[in-house]
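Asks: Sequence first, predicted coordinates after that:
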Amino acid sequence: MSHTPGPLPLKITQADDFFVIITNQGNHYAKTFDPAAAHLIASAPDLLAALERLAHPMADDEDLDYAREIIAKARGQL
């Protein structure tokens, strides 16, 4: 099984609750998520990229800073 390469076609909007709107070939789908889940789903491709950078034998402090930034994004802090 392979992963879906990012960026994902997601748009996070807020109404009464948080929604993730997924656009796929002109079709729109809406699913209600809590805020934490919505941010985590939207940042999944970035999280994978950050882990790949950290797993590289030549990873450095810049890679660690990037990973911390993506973690904050996944937590909805950015």
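Replies: Sure thing, it's come through.
Asks: make it CA atoms for all contacts and neighbour counts henceforth
Replies: Fine.
Asks: Kindly list the longest helix within this structure.
Replies: Secondary structure of the chain per DSSP state H: the longest helix is helix 61-74.
Asks: what packs against it?
Replies: Contacts defined by 3 or more CA pairs under 8 Å, 6 or more residues apart in numbering; DSSP states H and E place helix 61-74 against helix 35-42, helix 44-55.
Asks: In the first one, which residues are buried?
Replies: In this case it means helix 35-42. Burial within helix 35-42, assessed by neighbour count using 16 or more other CA atoms under 10 Å, is assigned to P35, A37, A38, H39, L40, I41, A42.
Asks: What angle do helix 44-55 and that helix make with each other?
Replies: For helix 35-42 against helix 44-55, the angle by axes from the mean of the first three to the mean of the last three CA atoms, to 10 degrees is 70 degrees.
Asks: CA atoms only: put helix 35-42 into CSV for me.
Replies: Provided in CSV are the C-alpha atoms of helix 35-42 (Å, rounded to 0.1, in the frame of the first residue of the first chain):
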residue,chain,number,x,y,z
PRO,A,35,-10.4,20.6,15.9
ALA,A,36,-7.5,18.4,16.9
ALA,A,37,-8.4,15.7,14.4
ALA,A,38,-8.9,18.2,11.6
HIS,A,39,-5.4,19.8,12.1
LEU,A,40,-3.8,16.3,12.3
ILE,A,41,-5.4,15.1,9.1
ALA,A,42,-4.5,18.3,7.2
